[in-house]
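K.L.:
Take this sequence and fold it.
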Amino acid sequence: MTYDFTEPSPGDVVVFKGPPAWINNEIAPQESSNIVVRGLQGLGSLVGFAPPDERDFVKRVIAVGGQTVQCCDQQGRMIVDGKSLDEPYIYWDNPSNQEQKTFEPVKVPAGMVWVQGDNRNNSDDSRFQGGGGVNGAVPVDNIIGKARIIVLPPSRWGGITDHNPQESAQPAALGAPAWQSGLPLGAGIAAAWPVLFLGRKLKSGLRRAAGRKP
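P.N.:
Here you go, the predicted structure:
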């Protein structure tokens, strides 16, 4: 019922029906012909278990309609509207490789959201679905509800954080790495040395010539 009264916000973990761009290449499972099984599946759907013929996904909202999303800044962080996101919920399969796949800026269409998985390098989400870009965005109308609790596996039982990654976002640094940004200054200093040296030699020669005059 959450989204009967509010709109999805950055940080919300939502359950949604896969739009065509997400499911066109998938074969949907068929509904069971067993009436008992169908009844159990119907009961399961009331508490969050999707029917077998429905292609539902669970992802976190990163940006909403009208915002521009891209990856990444100099520190490998997602950027929305020119600001680097604060994403403490990201899970890294390989902690030694915390590098996200880069992509060009995408403006999220009105009435849609941009979603990504917390398991950031193992998530087939808006960055890739439909070939990426605006095709990866999800219509707000496809959102079923807000995920609140992790039930399975039991080892991960617990509540789901809805930390807003944009709340503490900082202006993004998109320039070259620090060692590269120092190149123009270094080149300027290097070019200045010959000029300074020649200038000093010229002044010294003029002084000596002046000293030999009667």
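K.L.:
helices and strands of this protein: which one bottoms out on pLDDT?
P.N.:
Ranked by mean pLDDT, DSSP states H and E, the helix or strand of the chain with the weakest confidence is helix 178-181, at a mean of 40.
K.L.:
pull the CA atoms of the lengthiest strand in the chain into CSV?
P.N.:
For the chain, the longest strand by residue count, based on DSSP state E, is strand 56-64. Below are the C-alpha coordinates for strand 56-64, written out as CSV (Å, rounded to 0.1, in the frame of the first residue of the first chain):
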residue,chain,number,x,y,z
ASP,A,56,9.1,-9.8,-10.7
PHE,A,57,12.3,-8.1,-9.7
VAL,A,58,13.7,-6.5,-6.5
LYS,A,59,16.1,-3.6,-6.9
ARG,A,60,17.0,-0.3,-5.2
VAL,A,61,15.8,3.0,-6.6
ILE,A,62,18.9,5.1,-7.5
ALA,A,63,17.3,8.0,-9.4
VAL,A,64,13.8,9.1,-10.3
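K.L.:
Report the buried residues of that strand.
P.N.:
For strand 56-64, burial by neighbour count (16 or more other Cβ atoms under 10 Å) applies to 57-64. Glycine gets a C-beta too; all of them are placed from N, C-alpha and C.
K.L.:
Residues in contact with the helix or strand following it: which ones?
P.N.:
In the C-terminal direction, the helix or strand that comes right after strand 56-64 (DSSP states H and E) is strand 68-71. Applying Cβ atoms under 8 Å, 6 or more residues apart in numbering, the external contacts of strand 68-71 come out as 62-63, 78-82, 100-108, 114, 127.
K.L.:
Is there a quick PyMOL command that grabs whichever of those residues are buried?
P.N.:
Typed into PyMOL, the line below selects the buried ones among those, using 16+ other Cβ under 10 Å:
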select buried, resi 62+63+78+79+80+100+103+106+107+108+114+127
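K.L.:
where does this protein have low pLDDT?
P.N.:
Applying pLDDT under 70 to the chain flags the ranges 25-33, 36-38, 40-54, 175-214.
K.L.:
hmm, who's touching the longest strand of the chain?
P.N.:
Contacts for strand 56-64 (Cβ under 8 Å, 6+ apart): 7-18, 22, 50, 69, 78, 80-81, 85, 89, 108, 112-118, 123, 125-126, 138, 144, 147, 165.
K.L.:
Which of those fall within strands?
P.N.:
Secondary structure assignment by DSSP E places 13-17, 69, 78, 80, 112-116, 138, 144 of the contacts of strand 56-64 in strands.
K.L.:
my guess is residue 173 is in a strand, correct?
P.N.:
No. Counting by DSSP: H, G, I helix; E, B strand; the rest coil, residue 173 is not part of a strand but coil.
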